[in-house]
Each structure stands twice: as C-alpha cells, then as structure tokens.
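>>> no sequence for this one, just the structure:
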C-alpha cells in the first residue's frame, strides 16, 4: 500500500490515479492526525509513504516548532522513524529551501522530490525504484 | 663632640627615613628626637598653609594631653593672637628663624604668657622649613625657664628642621607615587564597573591625602532621567544618593565639565547636602578628551563626561587649586577605564540580544514582539529615552512610524498618528530616507523637525540619532530613531552610534526574516497552480481517450482555476517584493455577476479539498445586478477572492456541515457595502486592530493554514482605499463580518480609464 499524506487532495489526485493505474493499492489522508493514526495501525502494510511538507501541524505536532506549518512534514518524518526505521519515505513538495535539504539529509530511506520536476506520469517509476532500493 | 653627636643624629634620622612608616609616625619620631637631643621640654612640628591661612600641628611632644587633644592635626588660623596662637602671621610671613626668650613675661609675639606659665616654657626656637621656595612649616623647640638654648642647640635645631623637611617631602612624594601607581594598576585591571567605581573613589581619596578628614562619593550619570546617581561606602556598605537634574553644585560641574570648588557651602545656595556637617566641597568631573562623536553627518572630536567625583570636608576651604590640578588628569584616566568597561558591557549585551532574537525568530514569535524586545534592549543598554522605528511604504509613497518603545500607550498612538510623512517631504525621516546616512542633527531648531511633533512631545529635551535601515534590493526601507536626554550630554558618541547601527541591523533582519518566510509562502502558492496546470494538462494529454467527459470537464476547470489563481498570486508576489500594488485599467463591472459569482465557482475545488459543502457560499439574487461600477476588475477580484478564501480556510473544522459564507449588500447614501459573513474561527478581539497589518496572522490562523502569507487583508485594504473605498472588520465572531465599501462615485465613467 502507498500512503499519501497531503493537505491539498486535488494536488495529488493525479499521482494517486497514476499509482492506481500502475496496480498499487493507495490510501490517502488529508491531515497529519488521521494519517499518523492510520500509519500506526497499518504499518506492516505500508510499502511507501508519500508526504507533503507544508501542512497544518494538527494536534500531533502542536507543541513542536513547525514554523507555523512550513515544516510539519519534517516532524512527521521524525515521528515515522520512531515507529519504523525502514519504511521508505518520499517527500514530494513544492518548497525549494536549502534548509529542507539540511533537515532531511540525515534521514535514511528518504527521497526528497520536487513536484515541479516529478509530475505524476513518472511517479510510478519513481516508486518502483524506491521499492527496489535503487534511489 | 658636636660632630659625633651630629653623625649619630643623622643616622637616626636616616633610619626614620628608611623605616618609611608613614608621615605621621616620621614627624612624631623626628620631633621627639629633636626634643631629646636638644634637651628641650617640648617640641612641635607645624605645617603652614599660606593659601588657606592656617597652620596645623602635625607632631607634638612634651605638652600635656589637653594640648595635644586641642591642636594635633587641627588647623588654626594664622592671623590673630589668641591663647592658641603661638606664632602670629607677621612672624610666620618672614619665614626666618625665630628665637625668643621670656615667653612667660610678655609672650614675645610667640605665646600667651599665661599659657607659657601653664606649660612651663620660657624659651622658644623655631626654624622654618622651605620647599620649592615656599614656606612649608616650622620645627619648634621649647625650653623651661633658666635654660635658654645654647648655640650648638640652635645649630642642631636648624639641622633638624632641614632634615624634617627633606623626610617629609620624601615620604609625601613616595606615598603619593605609590598611591598613584597602585591606583593606575587597579583601575586598569578592574573587572567590572561596580568595583571600578569603588576603586576610583578610594584611590582618589588616598591621593587627595586627607582620608581622615574628607568624604567622597562617585557619581554616575543617568542618561535616561537626567539624575546623578552617587555612591559611597560607609563601613564597607554601599550607600546611594540621587540628585535631581540640574541640582547642586554638581550641576555646574557637569555643565562646564570643569572642577567646581566651594570653600564655604553655607554661602552657596546651590549646595545640596549629602553628609551632615560639611563645610567645603570639591567636584571633579571625569572627562574623556577627544572622543569621536557624530555631529550632523560627520565625526568630530568632543569631550565626553562619564561621571563625577564629589569630595567634601567638615572644614572650610579645605580644597585648593593644586588639588584640582592634581586630580583632573587622574580623573581622566579613571574616565577612560569607566568608558572602556561600559563599552564592554554594551557589547556583551548586544551579543546576548542577537542570540535571543535568533531564538525568538526560530520560534516564530511575532515581528512586533521581537522588534519591541530589541527596542527595550536598546533603551536599557544605551540609556536611551525612546526608540521610534519608521518604515517606508512605497505603496503610499510615505515613511511612517510603525513601532515606538519608551512611551506610554496613548503617547504611542498619538505619535503614530502624527509621524506619517511623504517621501518627498522636508521631514527629517524623509531626508534620512533620501540620503541614506546616519545623522545626529546638531541644531535644536533643525527645520526638518516637524514642529507639531516637536512641540507636543517636548523634543527640545532630546538629542537624537537617525539610523537608516538599508537593503541591497530595496535601498532604505526604514529608519531607527534613538533619543537621549540632553541633560548630561549634547553629543552621541561614535562608539554608541556603531552599537545602535548593530541593533538597527538586527531590526532589519527581523523585518527581512518575516519577509523571507512570507515570500516562501507566496512562492509556494505560485508554484502550486503552475504545477497544477502542468499536471492536469499532462494527465489529459496522456489519458484523453480514457477519461470520462465529467473528469475531462473537471480537469479543464481545474486548469482554468489554477490560471486565475496564478494571476492573483502574482499580485501578492508583487506586493511581497515591492511593497506596493498597481492599479491599471478601469472597466465597468457588475460586481456580483462579474466577480463574486465567478469566484464562488472558482473556489469549488478548495471547498472540496477542505471537505466543505459546495453550496456553503450564498448570496442574494436581488443583488446580482445591483452594483455596477467602474473599477479595476482584477484588483477587486483579488479583494473578494481573499475574503472568501479566508472564510474557507478558517472555517470551523470541527463542524464542516454547518459551514456558511453569506454575502449581501447594504446601501448607504454614498456607498455600497458588501457584507461577507462567516461562522468560522473568527478574529480574537485583541487582534482586531492588527489583522490588516502587513504579514500579521492570528495564532489560530497560523495553526490552520501554513500557506498563508498574512498579506491578503493588507493588500485588500490597500486596494479598497486606493479605489476611494475601504475594507473594514465590523464584527469579529459568530459571525465574522467584513465589509467592502464601494463609493457610489465609482458609477461615473472616469475621464481616463487607463491608468
């Protein structure tokens, strides 16, 4: 199962559709609280987590410094790594900020992609490579 | 043999010199030696002060305790003949040896006969002690009746006088040199201001040489209140005393930056008592010469007053011009040490503030709070009276006060109302904006000072530094004005200017940081629709044979919406980068039909993304054709879009089924007021006045929507006011109600629709 977490469903709709057409099972959550709950309950079934960075912090990260939501995805990554060291994560974002590279560079099994350079038609290939450990 | 005796005496005198046990002890030993060797019944050493017109017994031997108690170390006037006057002015003035006999019969101008009888003396030999051509004192010997002094005794007494003078000078110089050396050493290595001030005071008292008689206090200048804060120590415990501005002899010394000496405080009306029973006073200002100061736009050398020393004595006329001349250069060294430590303190404070500001910024503390924090730190560190931060608004072609620290709330409100000037005006702020240079206006009546503000806020009391904040991209973006009371200084010194500049840079960083974050969010909102267009176009081109007509229609509508959204975001970007909006073409627009209804359709995807009902936004059918005006359609579109999107973003997420935005129109005599009401999170009352501030977002809004830049309402209000209307918040909660006010004058076609 591929789990998408993004607060703008319309922006990842095509990605979801391309993944389904490629034969993957896909789940989607719009807010971090429900997404974390789903992930915790279904961790073994999740092959790849596809994650946005800019999202409302919700209750799960209300006490963390997410810079008013600019960095919520970073907090989400760190939380997921507490639950699982190995589940591959793809961060798919429009943000182009060197701070992001620095914040995520130390994370293992994580691929940082910009939406601009990775449109939905190439996404299934990207996921395949991630699952094969090629990226 | 006399020579042998003399040699033995010289050895003893030399021993006294080598022992160097202090002047008091040396004199006592010398006079006692003299009495013994001369076979006299008594002896004294007196020091003469022709400046003050008195003499003081510094050593007495052979007389009774009552005599010692009465005269030892107590100055008595030279003039006049009293029971006490053993030597009168006429005799003293000649500075020659005085040898007389028959004191008990008629005194001989030396003693009162009755006193001579009481003391058992009848013969007197006094030998002068001269130093640098000046009479220093007398070495006196007294013999009983029937035992006049022989020639060899007189010779010996003369030699004793000479040696006493030499030893006295030696000890005095040695003591003073040692004291000076100790003073300089301690002052240059003092670790902090508090201990430095104590060292300076104690050192100066020692150097003055009258520790047992004179009391002293060291004064620091409180630049904020104009007071002088004196400190002194009694039995090791610090005491404090504050003088009001302009009070006391202190004020005169501060004003002139020169010593002030009062020989008799009872006759000086300006005198203010610190200790009871004092009769004379000496003020020594601590001045740093040739200190760079900013005068106008240039740097000049000026004298800097860093403090003041106050010495007082229970005796009249204790202090002399020599004391002034001696202490002034030493006070100068002390001033340098104080200034150095004070600057160290300010630098450390600046470093701490810089760290704290970075910490606050990383926690996204609001811009206003961080800037006001910096303002308070400037006031504390530099002892300023107030800070005024003005920002340039290119949109309004004006520079206006945005932040004030150091005044009370009503004053701040009034100041802000008044301190708003166009960039091409003659006001000082506009001038600093134009020339981009740090300036400390020299003249109190500088024509650039706005007389209304100057008079209302009493600016004649202040000297002020104006520091421009400059960026590479936009030039001068604002100024920092720092005001100091003129009471203690008519200059702002260059070291402080550089510190203030560092603080101004920090303020600029805060402004830029907020701009950067803001820019990032705006940029994100631009890239989003671009990617959306590419995505949907790409998807359709790959799958157009496969997709259903409904999906095709939806994707095409999304492309169109993203295109329109992109245009709106470009306007936000323009504002974020340049701080202004441009009005372009005016067209006749039916507001509901051409703008409101289109936007409602446009935001359907946003409603869907948020899980909100599509029919949640309602308007009155009767209003559809009501408002027909000549406006910049794109700009009005932007205003309506911002209001509707805000209401969607800040809907009550706990109750989406009850989401609603209701749009209707109220007509007044002169305007159409379009009401936008929603039942979302509302605006907390404490933020009512701030929501139109550039970049401001309430804490709740920041929690719900990370993509918001805080520009929407600022831009929207600017657009409406540029149109001649307004955007107002009428009600803050349940419902939240905003009104767009469109003047009816816009119904008339303008002469020039293209602007």
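Yep, that arrived. None of these values were measured; they are calculated from a predicted model.
>>> Can you tell me the element the closest residue to residue B:40 other than its chain neighbours falls in?
In space, and not counting its chain neighbours, residue B:40 is closest to residue B:141: 4.3 Å by Cβ to Cβ, 6 or more residues apart in numbering or on different chains. (Glycine included, C-beta is placed from N, CA and C.) Residue B:141 belongs to strand B:134-143 when assigned by DSSP states H and E.
>>> one step back: and the residue nearest to residue B:40, what are its bridge partners?
Listed by DSSP bridges, the beta-bridge partners for residue B:141 are residue B:43, residue B:125.
>>> The longest helix along chain B and chain A in contact?
The helix that spans the most residues within chain B, counting by DSSP state H, is helix B:494-543. Yes: using Cβ under 8 Å from any Cβ of the partner chain, helix B:494-543 comes into contact with chain A via B:517, B:520-521, B:523-524, B:527-528, B:530-532, B:534-536, B:538-539, B:542.
>>> and the helix or strand following that helix, which residues are buried?
Proceeding N to C from helix B:494-543, the next assigned helix or strand is helix B:549-578, under DSSP H and E. Under the neighbour-count criterion of 16 or more other Cβ atoms under 10 Å in any protein chain shown, helix B:549-578 has B:554-555, B:558-559, B:561-562, B:564-566, B:568-569, B:571-573, B:575-576 buried.
>>> Ok, stretch B:48-68 next?
Within stretch B:48-68, the residues scored as buried using 16+ other Cβ under 10 Å are B:48-49, B:52, B:54-63, B:67-68.
>>> can you check stretch B:608-622 too?
B:609, B:610, B:612, B:616, B:617, B:619.
>>> Kindly report the same for stretch B:308-319.
Buried residues in stretch B:308-319, defined by neighbour count with 16+ other Cβ under 10 Å: B:308, B:309, B:310, B:311, B:312, B:313, B:315, B:316, B:317, B:318, B:319.
>>> Each with direction, which strands does the helix or strand hosting the fourth one pair with?
For residue B:311, the host element (DSSP H and E) is strand B:298-313. Strand B:298-313 pairs in its sheet with strand B:215-221 (antiparallel), strand B:280-295 (antiparallel), by DSSP bridges.
>>> Quick check: phi and psi at residue A:21.
Per-residue torsions, residue A:21: phi -60, psi -30 (degrees, to the nearest 10).
>>> Check the buried residues of stretch B:308-319 against chain A and report the nearest one.
residue B:308 (49.7 Å; Cβ to the nearest Cβ).
>>> before we move on, back to that, taking helix B:494-543 as reference, get the angle to the strand holding residue B:311.
Counting by axes from the mean of the first three to the mean of the last three Cα atoms, to 10 degrees, strand B:298-313 lies at 130 degrees to helix B:494-543.
>>> pretty sure the residue nearest to residue B:40 contacts residue B:161?
No: look at residue B:141 against residue B:161 with Cβ atoms under 8 Å: they stay out of range, at 9.6 Å.
>>> Of the two, which one has the most company?
Neighbours per residue, other Cβ atoms under 10 Å in any protein chain shown: of residue B:141 and residue B:161, the larger number sits with residue B:141, 31 against 26.
>>> ok, that one - contacts?
Residues near residue B:141 by Cβ atoms under 8 Å, 6 or more residues apart in numbering or on different chains: B:34, B:35, B:38, B:40, B:42, B:43, B:124, B:125, B:126, B:149, B:153, B:157.
>>> how about the nearest residue to the closest residue to chain A within the stretch 651-755 of chain B, chain neighbours excluded?
Here the stretch 651-755 of chain B gets closest to chain A at one residue, residue B:706, 2.4 Å apart by Cβ to the nearest Cβ. Leaving aside its sequence neighbours, residue B:706 sits nearest to residue A:69 (Cβ to Cβ, 6+ apart; 2.4 Å).
>>> Which pLDDT value goes with residue B:87?
Looking at residue B:87, its pLDDT reads 57.
>>> And the residue nearest the centre of chain A?
residue A:51 (1.6 Å; Cα atoms, centre = their mean).
>>> wait, doesn't it sit right on residue A:75?
No: assessed by Cβ under 8 Å, residue A:51 is found out of contact with residue A:75, at 10.8 Å.
>>> sorry, back to before: for the buried residues of stretch B:608-622, which two are the farthest from each other?
B:609 and B:619 (21.9 Å; Cβ to Cβ).
>>> Whether the lowest-mean-pLDDT helix or strand in chain A contacts chain B - can you check?
Here the helix or strand of chain A ranked lowest by mean pLDDT, DSSP states H and E is helix A:98-104, holding a mean of 76. No: residues of helix A:98-104 are not located near chain B by Cβ under 8 Å from any Cβ, the shortest gap being 9.7 Å.
>>> So which bits of that helix are buried?
Neighbour-count burial for helix A:98-104 flags A:100, A:103, A:104 (criterion: 16+ other Cβ under 10 Å).
>>> Could you do stretch A:43-58 as well?
For stretch A:43-58, using 16+ other Cβ under 10 Å, the buried residues are A:46, A:48, A:49, A:50, A:51, A:52, A:53, A:54, A:55, A:56, A:57, A:58.
>>> what do you get for stretch B:20-37?
B:23, B:26, B:27, B:28, B:29, B:30, B:31, B:33, B:34, B:35, B:37.
>>> Measure how far that stretch is from the centre of its chain, please.
54 Å (Cα atoms, centre = their mean, to the nearest Å).
>>> what sits up against it?
Applying Cβ under 8 Å, 6+ apart, the contact partners of stretch B:20-37 are B:5, B:9, B:12-13, B:16-17, B:19, B:40-45, B:58-62, B:139, B:141, B:156-157, B:160, B:163-164, B:167-168, B:171-172, B:174-175.
>>> Are any of those residues buried, and if so which?
Here, 16+ other Cβ under 10 Å leaves B:9, B:12-13, B:16-17, B:40-45, B:58-62, B:139, B:141, B:156-157, B:160, B:163-164, B:167-168, B:171, B:175 buried among these.
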